[in-house]
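Asks: Show me the folded form of this:
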Amino acid sequence: MQAWFASNPIVAYIVIFVLITYVYNKVFRVRQKLPLVKEIFLYLLMAMGTFMLLIFQIDKLPIIQCLLVAVGLMLLVRVRYFIEGRQKKKAEAAARNS
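Replies: Residues are numbered from 1 along each chain as shown. Okay, the predicted model is just below:
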């Protein structure tokens, strides 16, 4: 996998950028929207940072794999919160019916 991403840097760049954008939007984004110019500037900075991470990826560091682990852990947390919310709603409904 590492060698394939090293031989296909455009695909690796796109994958890294998508994963970084997902992590930013789910973890670091504030509730209120940024102005459009700041939003564009932010994504340009993320694109430049993605280029730096692409260099590390090509140099045989597991950047994409680490980002996939981070996204996987974030999805596990979201599933956990979803399940806890459902259990809480069932407990409240059972308490009201009693």
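Asks: contacts and neighbour counts: CA atoms only from here.
Replies: Will do.
Asks: and Val15, how many residues sit next to it?
Replies: Neighbour count for Val15, taken as other CA atoms under 10 Å: 18.
Asks: How much space separates it from Gln2?
Replies: Distance of Val15 to Gln2, computed by CA to CA, to the nearest Å: 13 Å.
Asks: Then Val79?
Replies: Counting by CA to CA, the gap from Val79 to Gln2 is 29 Å.
Asks: Which of these two has more residues huddled nearby?
Replies: Legend: neighbour count by other CA under 10 Å for Val79 and Gln2, higher for Gln2 (16 against 12).
Asks: and the closest residue to that one other than its chain neighbours, helix, strand or coil?
Replies: Excluding its sequence neighbours, the residue lying closest to Gln2 (CA to CA, 6 or more residues apart in numbering) is Lys60, at 6.8 Å. Recorded secondary structure, Lys60: coil (DSSP: H, G, I helix; E, B strand; the rest coil).
Asks: ok, the most centrally placed residue in the chain - contacts?
Replies: For the chain, Val23 is the residue whose C-alpha lies nearest the centre (CA atoms, centre = their mean; 2.4 Å). Val23 is in contact with 70-71, counting by CA atoms under 8 Å, 6 or more residues apart in numbering.
Asks: What helices and strands are in contact with the biggest helix by length in the chain?
Replies: Criterion DSSP state H: the longest helix present in the chain is helix 63-97. Judged by 3 or more CA pairs under 8 Å, 6 or more residues apart in numbering; DSSP states H and E, helix 63-97 is in contact with helix 9-23, helix 36-58.
Asks: Among the ones you listed, which comes closest to Leu67?
Replies: Of all the helices and strands packed on helix 63-97, helix 9-23 sits nearest to Leu67, with 6.4 Å by CA to CA.
Asks: Could I get the buried residue list for that closest one?
Replies: The neighbour-count check on helix 9-23 (16 or more other CA atoms under 10 Å) flags 9, 12-13, 15-17, 19-21, 23 as buried.
Asks: For it, give the mean pLDDT please.
Replies: Mean per-residue pLDDT for helix 9-23: 96.
Asks: again, but for stretch 54-68
Replies: Mean pLDDT, computed over stretch 54-68, is 94.
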